[in-house]
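>>> Quick one: sequence and predicted model below, then my questions.
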Amino acid sequence: DSGVTQTPKHLITATGQRVTLRCSPRSGDLSVYWYQQSLDQGLQFLIQYYNGEERAKGNILERFSAQQFPDLHSELNLSSLELGDSALYFCASSPRPTSILSGNTIYFGEGSWLTVV
Amino acid sequence: GQNIDQPTEMTATEGAIVQINCTYQTSGFNGLFWYQQHAGEAPTFLSYNVLDGLEEKGRFSSFLSRSKGYSYLLLKELQMKDSASYLCAVHGYYVRGSSNTGKLIFGQGTTLQVKP
């Protein structure tokens, strides 16, 4: 158990709908990362937050948005869902953004399986 | 931007040694990670290199050459349970105010099959 909690574990929804995926980082971790992994694909970086602020942005679609709350949990909102959005969405956390000085480990949650039908 | 290359698939025999290579290009470097991922499961941390050289952890070792943009993961005494995908990830250097920096980008992964 990495200590990163993601809910829901599985979700099936229809095209055009909106869903929210939730992530609770490990206790004390300030950084949260979101990744998308489609079938047989690599991990695609979506977005990173640090202590409530957006830190880095990847190829996140405009239909997707995320935020990190004062209690450090994070939510990924996916709207106007399409079949191609079906994927495993991972959240990861670390104490602080990695740096040459800190050399952190980044731990992943178990992921949220999203199926769009 | 960041670009990471690693072989798609490798096969090795139980008890043997295998080396998985990773080459990367990045505008700023803040460390390289290796993760193991079994299908449908979360990636699990194996190693982190930020300085040149070899880091050893039991059966697994990871090497980094920053000047060459090159790393490898060495797995010794292979076991059947080592069959998995191995992901190389590079953390870019963060520039305050620029959301296009500081990303942790993963390669496509190398699927390792260990045969008896």
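Done, it's in.

>>> just the strands in chain B please.
B:2-5, B:9-13, B:18-26, B:32-37, B:44-49, B:53-57, B:60-65, B:70-75, B:84-91, B:104-106, B:110-115 (DSSP state E).

>>> Please read the previous query as pertaining to chain A.
When secondary structure is read from DSSP E, chain A shows strands at A:5-7, A:10-13, A:19-24, A:31-37, A:44-50, A:53-57, A:64-68, A:74-78, A:87-94, A:107-108, A:112-116.

>>> In a markdown table: these, plus distance to residue B:40 and mean neighbour count.
All C-beta atoms are positioned from the backbone trio N, CA, C, and that covers glycine. Formatted as a markdown table, the entries for those read as follows, by distance: least, Cβ to Cβ, whole Å; neighbours: other Cβ atoms under 10 Å in any protein chain shown:
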| stretch | distance to residue B:40 | mean neighbour count |
| --- | --- | --- |
| strand A:5-7 | 14 | 17 |
| strand A:10-13 | 11 | 13 |
| strand A:19-24 | 17 | 19 |
| strand A:31-37 | 10 | 25 |
| strand A:44-50 | 16 | 22 |
| strand A:53-57 | 26 | 17 |
| strand A:64-68 | 22 | 19 |
| strand A:74-78 | 19 | 21 |
| strand A:87-94 | 7 | 24 |
| strand A:107-108 | 13 | 22 |
| strand A:112-116 | 8 | 18 |
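
>>> Of these, which shows the lowest average pLDDT?
For the strands of chain A, mean pLDDT drops lowest on strand A:53-57, to a mean of 88.

>>> Next to chain A, which bits of chain B? Give me the list.
Contact residues of chain B with respect to chain A, defined by Cβ under 8 Å from any Cβ of the partner chain, are listed as B:30-31, B:33, B:35, B:40-45, B:48, B:50, B:87, B:89, B:91-92, B:94, B:99-109.
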